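K.L.:
Coordinates for the following, if possible.
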Amino acid sequence: MTQRLRGVCRRDAGMVTSEYAMGIIAAVGFALLLYEVVTSGRVKAELQGIVEKALSARM
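P.N.:
This next block holds a predicted model:
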């Protein structure tokens, strides 16, 4: 009885190895896309302008 109850309560609801691999591949792909966007000329110039403006602000 106790073994059967444990078996019912301990169902694996997590991801399997292939799902982890696909998740990692998707995360790396998203990171590469984000890196390309952030390091593109226009975005990089905008970010640099924001940082320079913040650093040159008087308090």
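K.L.:
pLDDT (mean, whole number) over the biggest helix by length in the chain?
P.N.:
Counting residues, the longest helix found in the chain (DSSP state H) is helix 17-38. In this model, helix 17-38 has a mean pLDDT of 92.
K.L.:
repeat for stretch 47-59
P.N.:
The model assigns stretch 47-59 a mean pLDDT of 87.
K.L.:
re earlier: which strands or helices does the longest helix of the chain pack on?
P.N.:
Contact here means 3 or more Cβ pairs under 8 Å, 6 or more residues apart in numbering; DSSP states H and E; on that basis helix 17-38 packs against helix 41-55. Every C-beta, even on glycine, is put in place using the N, C-alpha and C of the backbone.
K.L.:
Report the distance from the helix it packs on to the chain centre.
P.N.:
Here the centre of helix 41-55 is set off from its chain's centre by 23 Å, with Cα atoms, centre = their mean, to the nearest Å.
K.L.:
and if you look at stretch 39-51?
P.N.:
The answer for stretch 39-51 is 22 Å, by Cα atoms, centre = their mean.
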